[in-house]
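Colleague: model the structure of this input:
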Amino acid sequence: MEIAIRRSLFASESLQDSERPAPAAFPLEGSATCFPHWKVQLSFDFVLFCRRRMPSNITTSVKGRLRRFPAEVLVWLLVLSSGFGSLIAYQMKAGVPAVAPGAWPNGTGLSFDSQHINLFMFAHPKCPCTDASIEELKVVLTRARGRISPTICFFDPAGVPADWVQTRLFRDAKSIPGLNVVVDMDGAIAAKFGVMTSGQVLVYDCKGRRLFAGGITGSRGHAGDNRGRSLVLALASGESNDPVQTPVYGCALHEQVCATGKTL
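Modeller: The predicted structure follows:
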């Protein structure tokens, strides 16, 4: 009996009002044929009521959203990947390399150590990329154990306030033991060495021969093991004496505002 009632309920969903069976008379409670037919009738009316109140476009709306969902996700993934791609491209974009003389030039105004190899870094005081270069310089000086005579020159353009160069990078460099910190007025020293990019490192041996020109980071603003740092340490330990060059990653040196728009 229960199975027959369920079939009747499912079949009634497709019936129109004209096809609906007439209400059956309610038999007396306790009779041999007594069954709550009124419950079946109420169920039938409830099904028709729900179908009349259900929006006709609900199925179409759900299907439309499902069809649009993959497209929306695809667009989001494309935008996300494009952003990451631009970030990676920026980090791996090298600056203009220095056209440094192969021998120590005269009239630089810098001290030269004839007993050790000489390392010179050129930095823009407001370049966030150079923060990683200074961190790598700390590593180099720690591992070299006094075999390097280091100097860092901070670019200070004309026509700026007197404290323009006094940034966190400058103060951080001043705190490094043994590091000679020089303020390069209007980039005059950098010009003698053909330096164009912040983070540029030049290494000269005790006889004034250039051994290294490049950067000591693997990308913009990224500290960690890299070829430039390894080469400088190899030169300091005497494992290599051949002149080498690596890319330098940083902002343009001769600019008052770094390309990223950030200030340190």
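Colleague: C-alpha only now, for contacts and for neighbours.
Modeller: Noted.
Colleague: so what pLDDT did residue 255 get?
Modeller: Model confidence at residue 255, expressed as pLDDT, equals 75.
Colleague: quick one: the helices in the stretch 151-264 of the chain?
Modeller: 168-174, 188-192, 227-237 (DSSP state H, counting those that start in this stretch).
Colleague: same for the longest one, what does it pack against?
Modeller: Helices and strands in packing contact with helix 227-237 are listed as helix 130-144, strand 210-214; criterion 3 or more C-alpha pairs under 8 Å, 6 or more residues apart in numbering; DSSP states H and E.
Colleague: any buried residues in it, and which?
Modeller: For helix 227-237, burial by neighbour count (16 or more other C-alpha atoms under 10 Å) applies to 228-229, 231-233, 235-236.
Colleague: show me the shaky parts of the chain.
Modeller: 1-92, 256-264 (pLDDT under 70).
Colleague: can we see that at 50?
Modeller: 1-40, 42-44, 46-47, 59, 87, 260-261, 263-264 (pLDDT under 50).
Colleague: coming back round to it: looking at the helices of the stretch 151-264 of the chain, which is nearest to residue 143?
Modeller: helix 227-237 (7.6 Å; C-alpha to C-alpha).
Colleague: TSV for the helices and strands packed on helix 227-237, including mean neighbour count and distance to residue 98?
Modeller: As requested, these are arranged in TSV below (neighbours: other C-alpha atoms under 10 Å; distance: least, C-alpha to C-alpha, whole Å):
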stretch	mean neighbour count	distance to residue 98
helix 130-144	21	16
strand 210-214	25	7
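Colleague: can you put the ones you listed in a markdown table and add distance to residue 223?
Modeller: As requested, these are exported to a markdown table (distance: least, C-alpha to C-alpha, whole Å):
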| stretch | distance to residue 223 |
| --- | --- |
| helix 130-144 | 5 |
| strand 210-214 | 15 |
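Colleague: figure out which of those is closest to residue 119.
Modeller: strand 210-214 (8.9 Å).
Colleague: how about the contacts made by the closest residue in space to residue 182 that isn't next to it in sequence?
Modeller: Nearest non-adjacent residue to residue 182, counting by C-alpha to C-alpha, 6 or more residues apart in numbering: residue 153, 4.7 Å away. Residue 153 sits next to 120-123, 181-184, 189-190 when contact means C-alpha atoms under 8 Å, 6 or more residues apart in numbering.
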